[in-house]
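S.K.: task: produce atomic coordinates for the following.
(4 chains)
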Number of protein chains: 2
Amino acid sequence: MAIKSKTRYAILGILSINSGTGYDIKKYCDTVISNFWNENFGHIYPVLSQLLEEGLIQEEDSSSTRKKVYTITESGRTEFLNWLLEPAEYQPMRSEFLLKLTFSSNLPKENIIAMLTDYKEKHLERLLKYQQLQDSLNKGNDEITTDRQIFLYAPLRLGILNTEAVLSWCDEILSAIQ
Amino acid sequence: MAIKSKTRYAILGILSINSGTGYDIKKYCDTVISNFWNENFGHIYPVLSQLLEEGLIQEEDSSSTRKKVYTITESGRTEFLNWLLEPAEYQPMRSEFLLKLTFSSNLPKENIIAMLTDYKEKHLERLLKYQQLQDSLNKGNDEITTDRQIFLYAPLRLGILNTEAVLSWCDEILSAIQ
DNA sequence: CGTACCATGTAAAACGTTACATGATTTA
DNA sequence: TAAATCATGTAACGTTTTACATGGTACG
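M.R.: Reported below is the predicted structural model:
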């Protein structure tokens, strides 16, 4: 059966904004949406072949180069739109960190403090990264319409709010165990 | 090669608290740690066999019943402790909802409002569930030592703070697009 | 006596990551 | 001209979920 993973939709979504190669798609994932999505070449290329076969994307003829520039087709847009309108499926999360913490009751207190401090530091770094991303979004707004901008800003904003929540949580738990 | 997934450690962790069957382990996952961890039978039973083979757990002899009650061994505790002390690996997250939102710029405004409202409602429900769980934790504290209780309370508290962050975010974005 | 829950396991399918292999093009 | 980046793809591996198959036990 056809690949039913979400990668199809990630690719269709990216191509709905700009046509591009598999390589371009990977770059888009690693930059614009890296905070909440990731893809790898081993997945992108097979899915591209499949989308082509299904007629959801087409190859721009560029016999001159080795590049394969893909464009979304009308049926591709329809398929993508249908997916967009479905409510997002519930995703059970898995946190290795919380799993460790849950079973750390027999650990010496200093180890638990170290765990939490490390977790806090990682999230402080993440917050900084988010804020830099936000700044670069605010600066580079020539190319992006204001209407589109909020859709790039919103996920980042959620990242910031969530990370801030994690930071307060770390402080709360740290003072509770001391 | 041996299974290297985190399931090994989830199982060892659960058995480090209480001996039990594969079924008990599944139940523990579905109740106590369901907010941040999940396992299924198709995974639990093979991993149990493997842990037994490696001598990290042992079977209590209960020739009378069909039940297989597993207990963690000393080497199991050592292996688990070593894992606990390693820093948790970074986990790239994937949010289907944010993927949808990012590519929704061409959707009619009412659809986007519906998306966000639906997301908000789901998180309101989740918050309620968390609060109920917290209440039941506070009540049933006879069986659990106070020292252990914070380790069950902390993940829940993070769930609450995160969910509250999502709720404010929904309001923020909803008022930004209107 | 039927329903719900307890209990164990296998097989297949689906999903996802990493490593491997190859070579073109651009830039310092 | 060397290094970095662009560019495409396959194969292997490992992980995870779902479906299937089976039967026991407790309770109302």
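
S.K.: is it true that A:Gln58 lies in a helix?
M.R.: No. The assignment for A:Gln58 by DSSP: H, G, I helix; E, B strand; the rest coil gives strand, which leaves it out of any helix.

S.K.: pretty sure A:Thr65 sits in a strand.
M.R.: No. Using three-state DSSP, the assignment for A:Thr65 is coil, not a strand.

S.K.: per-residue pLDDT, it?
M.R.: The model reports A:Thr65 with a pLDDT of 74.

S.K.: burial count for it?
M.R.: 8 (other C-beta atoms under 10 Å in any protein chain shown). The way it works is simple: take the backbone N, C-alpha and C, and place the C-beta from them, glycine included.

S.K.: hang on, isn't A:Ile177 packed against B:Ile150?
M.R.: Yes. Counting by C-beta atoms under 8 Å, A:Ile177 touches B:Ile150, with 6.4 Å between them.

S.K.: could you pull up the contacting residues of the residue most central in space within chain A?
M.R.: Nearest to the mean C-alpha position of chain A, counting by C-alpha atoms, centre = their mean, stands A:Trp37 at 2.0 Å. The contact partners of A:Trp37, taken as C-beta atoms under 8 Å, 6 or more residues apart in numbering or on different chains, are A:10, A:29, B:94-95, B:98-99.

S.K.: 6 Å instead?
M.R.: B:94, B:99 (C-beta atoms under 6 Å, 6 or more residues apart in numbering or on different chains).

S.K.: what is the helix or strand A:Lys120 falls within packed up against?
M.R.: Assigned by DSSP states H and E, A:Lys120 falls within helix A:109-139. With contacts taken as 3 or more C-beta pairs under 6 Å, 6 or more residues apart in numbering or on different chains; DSSP states H and E, helix A:109-139 sits against helix A:146-177.

S.K.: flag every residue of chain A that's near DNA strand D.
M.R.: Taking C-beta under 7 Å from any atom of the strand as the criterion, the neighbours of DNA strand D within chain A are A:21-24, A:27, A:41-42, A:45-46, A:48-49, A:66-69, A:92, A:94.

S.K.: how's chain A carved up into domains?
M.R.: Per automatic domain parsing, the domain ranges recorded for chain A read A:7-85, A:96-177.

S.K.: any chance of those in CSV, with distance to B:Ser5 too?
M.R.: Converted to CSV, the domains of chain A look like this (distance: least, C-beta to C-beta, whole Å):
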stretch, distance to B:Ser5
domain A:7-85, 19
domain A:96-177, 11
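
S.K.: look up how far B:Tyr9 lies from the residue of chain A found nearest DNA strand C.
M.R.: In chain A, the residue that lies nearest DNA strand C is A:Gly42 (2.1 Å; C-beta to the nearest atom of the strand). The gap separating A:Gly42 from B:Tyr9 is 27 Å, by C-beta to C-beta, to the nearest Å.

S.K.: more crowded one of these two?
M.R.: In this view A:Gly42 and B:Tyr9 are compared by other C-beta under 10 Å, and B:Tyr9 has more residues nearby, 21 against 7.

S.K.: contacting residues for that one?
M.R.: Contacts of B:Tyr9 (C-beta under 6 Å, 6+ apart): B:Trp83.
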